[in-house]
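**Q** just to be clear, the model below is a prediction. Sequence and coordinates:
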Amino acid sequence: MAGVRSDDPTGGGPTGAGWLAEVPLAHRGLHGDGVPENTLAAFAAARDAGVGVELDVRLAADGVPIVFHDRTLDRLAGRPGPVGVHTSDDLGRLRLAGTDQWVPTLAAVLDVMGALAVMVEVKADGLRPSGLEPAVAAVLAGHRGPTCIASFNPLSVRWFRRHAPTVLRVLTSAPSAIEVAGRHLRLANLQSVGLVDPAAVSYDVGGLDLPAVRRLRAAGMVVVTWTVRTADDLVTARAAADNVIFESVPVADVIAA
């Protein structure tokens with residue numbers, strides 16, 4: 001991406017927001033070829049490649065934030081049932097996609113990433129904030145690298161504005177209605193920006209041409225786009241966004257774009 005500082009994946013330190021426009025983020029880490037998404041191996045691969053990461057966080061039964069995208073274990077762990085009924089220790093004993101990798105805690109991932117950038121997408125099971133947001137805030141407070149939270153749920157992002165205002169906030173959205181905690185929210189026009197006062201918006205690469213996105217970017221809002229998976233996506237992102245959340249595209253292509 002134009003403007004990406006490939007030589008500084010920390011994006012200028014934990015207190016600045018500049019990295020949101022400058023540091024490409026590997027979607028759930030650099031996964032594939034026997035490395036499952038959202039695992040320590042995937043995050044270590046991103047770290048070693050010199051890029052930041054985007055990850056998904058949920059709350060385990062013992063109140064510990066763990067890194068896992070799906071609400072249930074079926075796809076990656078091959079067993080039925082929701083993730084949130086298991087403790088973090090139980091999830092750490094699972095093996096994912098036939099590998100030696102497990103469901104890590106957010107704290108463990110931050111230790112792996114060190115000074116590199118991390119976007120934490122908050123995956124709450126309810127529309128209204130509950131235990132996940134304060135648990136994530138507590139973990140982020142002890143980390144010195146550059147981080148932000150992101151969510152499709154504006155109420156979750158607003159919680160951080162009210163209760164953890166030093167945490168950078170990103171509002172995630174898409175052109176169509178999105179299901180959040182069992183409800184369809186019409187987020188296409190980014191009408192919740194004023195509610196959450198984000199440092200950036202994260203928008204589906206297929207909707208970057210929408211007037212609301214163009215208007216916000218023209219007014220100075222940082223636009224991060226997801227998920228960039230092809231060379232054509234990268235061309236679109238270069239023209240209409242400031243940064244990318246990517247997978248499948250070679251890191252060298254992302255940095256050179």
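**A** Received the coordinates, thanks.
**Q** okay, CA-based contacts and neighbour counts for the rest of this
**A** Fine.
**Q** show me where the stretch 151-257 of the chain has strands.
**A** Assigned by DSSP state E, counting those that start in this stretch, the stretch 151-257 of the chain shows strands spanning 168-173, 178-180, 183-185, 200-204, 222-228, 243-246.
**Q** can I get those in CSV with distance to P129?
**A** Converted to CSV, the strands of the stretch 151-257 of the chain look like this (distance: least, CA to CA, whole Å):
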stretch, distance to P129
strand 168-173, 15
strand 178-180, 12
strand 183-185, 14
strand 200-204, 20
strand 222-228, 24
strand 243-246, 25
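**Q** turn those into TSV, columns for distance to Q191, mean pLDDT and mean neighbour count.
**A** Converted to TSV, the strands of the stretch 151-257 of the chain look like this (distance: least, CA to CA, whole Å; pLDDT from 0 to 100; neighbours: other CA atoms under 10 Å):
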stretch	distance to Q191	mean pLDDT	mean neighbour count
strand 168-173	10	96	27
strand 178-180	14	67	15
strand 183-185	11	65	13
strand 200-204	11	97	23
strand 222-228	15	98	25
strand 243-246	21	98	28
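**Q** to I149, which of those strands lies closest?
**A** strand 168-173 (5.2 Å; CA to CA).
**Q** sheet partners, orientation included, of the closest one?
**A** Applying DSSP bridges, strand 168-173 is found paired with strand 147-151 (parallel), strand 200-204 (parallel).
**Q** so which of those gets nearest A231?
**A** strand 200-204 (15.6 Å).
**Q** with only the CA atoms kept, save the closest one in PDB.
**A** Extracted as PDB, the C-alpha positions of strand 200-204 are listed here (Å, rounded to 0.1, in the frame of the first residue of the first chain):
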ATOM      1  CA  ALA A 200     -10.400   4.400  11.800                       C
ATOM      2  CA  VAL A 201     -13.100   2.400  10.000                       C
ATOM      3  CA  SER A 202     -12.600  -1.100   8.700                       C
ATOM      4  CA  TYR A 203     -14.700  -1.700   5.600                       C
ATOM      5  CA  ASP A 204     -15.400  -4.600   3.300                       C
END
